[in-house]
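**Q** Need a 3D model of the following:
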Amino acid sequence: MNKLNDLLSLIDGYIGGSQWFVFFLLGTGLFFTFYLRFPQFRYLKSAFRIVRGKFDREGDEGDTSHFQALTTALSGTVGTGNIAGVALAIHLGGPAALFWMLVTALLGMTTKFVEVTLSHKYREKMTDGTMAGGPMYYMKNRLNMKWLAGLFAVATIFSSFGTGNLPQINSIANSVHATFGVNKILIGAVLAILLGFVIIGGIKRIAKVTSRLVPFMAVIYFVGAVAVILYNYQNIVPSLVAVFRDVFTGTSAAGGFLGASFAFAFNRGVNRGLFSNEAGQGSAPIAHAAARAHEPVSEGLVALLEPFIDTIIICMLTGLVILSSGVWTEKMENKFQEADLEVLAGFYDEGEELDREQIADFLLGKSELPLFTGDLEVIDGKIINEVTLLHARSVAEEVFVRKDGAVFSGRLPVIEGHIPLDNRIEIAGKSLIHSAPLTTEAFTKSWFGDSGRYIVAIGLLLFAFSTAISWSYYGGRAVTFLFGIKWVVYFRMVYVLGFFVASFMDTTIVWTFSGITIAMMTIPNLFGILMLRKEMKSEVNSFWKEYSDFFGEK
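**A** Below is the predicted model:
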């Protein structure tokens with residue numbers, strides 16, 4: 001399994017995790033921003049009017065309203081990334097990562113506008129009377145590239161499991177189990193039944209559920225986040241200053257005593273922003289293709305709001321919660337994760353400036369430090385070797401080892417700084433934390449106190465579950481495109497089964513695989529919308545020529 005994960009990580013490094021992919025995605029958004037003259041700013045007001053139904057006509061074809069299409073697409077993008085992903089980005093890239101997430105969202109608004117407009121224009125009516133669309137339809141019907149459409153559809157099916165299904169229920173189960181102590185299998189069984197009940201009703205039931213679920217979960221999360229920010233009001237301005245200051249200085253206090261380079265902040269912020277709002281991936285156009293509309297551009301304008309809500313509002317709220325609470329630089333008691341743990345040969349003291357600089361350079365990849373290989377001697381839970389344990393980009397303190405819940409004495413093998421842990425061995429101590437645990441801790445720094453962690457647990461449950469709902473529709477439409485509508489029922493059965501099983505299995509390898517499938521969706525989609533750039537501009541110009549008086553825009 002480790003070898004397979006290493007292979008997938010290598011492949012992902014050349015595709016989705018590479019610099020060229022990031023610049024291709026950002027570059028496309030930047031190109032259309034200038035090419036269409038900043039539609040994310042000029043047409044924002046009009047987008048809100050369309051969502052409210054001001055542009056609707058009697059007889060518009062489609063299965064959902066504009067608002068339902070928006071909430072369905074938002075339920076697919078607002079997920080664990082808004083809670084855990086933002087915390088990880090700040091942990092690795094410092095406050096400046098939030099700035100790059102903001103930039104990514106602004107460019108992503110234009111990309112969403114373009115991909116949804118084109119996909120809606122070339123949608124098709126199915127034999128059951130429902131509308132089907134997405135990038136695969138404009139690739140087939142306009143570009144006449146059926147092979148490219150097929151590649152996109154296959155990637156969408158795999159991504160529906162790798163992005164929207166398996167990791168989402170795994171995150172829910174872990175969070176609810178840690179917070180409330182509920183058995184993971186029970187969590188998976190209950191939610192799998194609920195998922196099956198929702199998705200069996202198709203897009204109309206999905207849209208009905210998400211149109212209620214998304215606003216509800218957004219309000220809960222918003223109240224909890226604002227409570228933290230206002231409770232720590234004295235840190236609001238310093239936090240905002242840190243975000244923009246670190247962009248221009250190229251360094252930050254990320255990870256406590258450690259520095260985060262410009263490259264770290266840029267990479268983490270951009271990657272997290274792209275993963276969160278899915279602009280350019282081609283998933284949201286599948287949901288928007290079902291919307292009732294007589295003009296494709298109008299639905300593109302609705303989609304323009306998604307990165308604004310997902311990243312600029314929700315992700316920025318999470319970021320300000322983490323920064324204003326101050327927990328991102330505090331070491332806390334936690335159980336160490338194998339992936340975050342390294343053992344250095346020799347003792348390094350954070351209090352010594354030279355040692356601190358050496359560790360910082362090591363973690364930023366600027367230099368090497370000797371990794372420990374051999375056996376760690378443990379007596380009464382204490383490691384007696386002269387080594388330094390790094391966990392979550394920080395020097396671990398008060399390290400204690402247990403086996404089967406009891407104090408451990410014996411040897412722990414270490415290979416090039418890596419400790420192979422099993423379910424029986426537990427290493428705990430004080431270190432920095434990241435991802436969902438960091439956001440959870442931040443939410444306790446308000447008037448709600450420890451009860452704030454329940455807001456994160458509930459938010460994670462609702463965010464992740466809604467993501468699974470939407471991605472079932474995306475995968476089902478890809479199956480319909482490839483094999484026909486009669487095969488969708490079998491896809492749904494496998495989808496629900498996978499959702500249940502992933503509640504109690506290790507999905508680490510799935511995250512790596514999903515990075516590849518996301519790239520395999522995004523690359524054909526970006527290629528396609530760039531090929532149709534002139535048509536897109538013509539559509540926009542024609543739309544505003546006819547409706548500028550209605551919207552008061554030009």
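**Q** in this protein, which helix or strand is least confident?
**A** Ranking every helix and strand in the chain by mean pLDDT, DSSP states H and E puts helix 2-14 at the bottom, with a mean of 61.
**Q** Point out where the stretch 1-150 of the chain drops to low pLDDT.
**A** 1-18 (pLDDT under 70).
**Q** Run through the strands of the stretch 201-350 of the chain in chain order.
**A** 332-335, 341-345 (DSSP state E, counting those that start in this stretch).
**Q** Any idea which of the ones you listed gets closest to residue 26?
**A** Nearest to residue 26, of all those, is strand 341-345, at 31.5 Å by CB to CB. (Each C-beta comes from the backbone N, C-alpha and C, glycine too.)
**Q** Past the closest one, which element shows up next along the chain?
**A** helix 353-363 (DSSP states H and E).
**Q** Now that following helix: buried residues?
**A** 355, 356, 358, 359, 360, 362, 363 (16 or more other CB atoms under 10 Å).
**Q** just to revisit the earlier point, ok, and which of the strands of the stretch 201-350 of the chain has the densest surroundings?
**A** strand 341-345 (a mean of 20; mean count of other CB atoms under 10 Å).
**Q** any idea of the mean pLDDT for that strand?
**A** When pLDDT is averaged along strand 341-345, the result is 91.
**Q** How about the secondary structure of residue 58?
**A** coil (DSSP: H, G, I helix; E, B strand; the rest coil).
**Q** Convert the C-alpha atoms of stretch 149-166 to PDB, please.
**A** Output of stretch 149-166 as PDB, limited to C-alpha atoms (Å, rounded to 0.1, in the frame of the first residue of the first chain):
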ATOM      1  CA  ALA A 149     -15.200  14.300 -23.400                       C
ATOM      2  CA  GLY A 150     -14.800  10.700 -22.500                       C
ATOM      3  CA  LEU A 151     -11.500  11.400 -20.600                       C
ATOM      4  CA  PHE A 152     -13.200  14.100 -18.600                       C
ATOM      5  CA  ALA A 153     -16.200  11.900 -17.800                       C
ATOM      6  CA  VAL A 154     -14.000   9.000 -16.600                       C
ATOM      7  CA  ALA A 155     -12.000  11.400 -14.400                       C
ATOM      8  CA  THR A 156     -15.300  12.800 -13.000                       C
ATOM      9  CA  ILE A 157     -16.400   9.300 -11.900                       C
ATOM     10  CA  PHE A 158     -13.200   8.600 -10.200                       C
ATOM     11  CA  SER A 159     -13.100  12.000  -8.600                       C
ATOM     12  CA  SER A 160     -16.700  11.600  -7.300                       C
ATOM     13  CA  PHE A 161     -15.300   8.900  -5.100                       C
ATOM     14  CA  GLY A 162     -11.800  10.400  -4.400                       C
ATOM     15  CA  THR A 163     -13.100  13.900  -3.700                       C
ATOM     16  CA  GLY A 164     -16.700  13.800  -2.800                       C
ATOM     17  CA  ASN A 165     -17.300  10.500  -1.200                       C
ATOM     18  CA  LEU A 166     -14.600   8.500   0.600                       C
END
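**Q** So what touches it?
**A** 76, 79, 134-137, 139-140, 282-283, 286, 467-468, 470-472, 474-475, 477-479, 481-482, 491, 495, 498-499, 502, 507, 510-511, 513-514, 517-518, 520-521, 524-525 (CB atoms under 8 Å, 6 or more residues apart in numbering).
**Q** ok, now how distant is the residue lying farthest from the centre of the chain from residue 221?
**A** Relative to the centre of the chain, and counting by CA atoms, centre = their mean, the farthest-placed residue is residue 379 at 41.6 Å. Residue 379 sits 46 Å away from residue 221, going by CB to CB, to the nearest Å.
**Q** Kindly provide the distance from the residue nearest the centre of the chain to residue 101.
**A** Nearest to the mean C-alpha position of the chain, by CA atoms, centre = their mean, lies residue 81 at 3.1 Å. Distance from residue 81 to residue 101, counting by CB to CB: 10 Å.
**Q** same thing with residue 56?
**A** Counting by CB to CB, the gap from residue 56 to residue 101 is 33 Å.
**Q** So which of the two has more stuff around it?
**A** residue 101 (32 against 15; other CB atoms under 10 Å).
**Q** circling back: count of neighbours near the residue nearest to the residue nearest to the centre of the chain when sequence neighbours are not counted?
**A** In space, and not counting its chain neighbours, residue 81 is closest to residue 276: 4.3 Å by CB to CB, 6 or more residues apart in numbering. Counted with other CB under 10 Å, the neighbours of residue 276 add up to 27.
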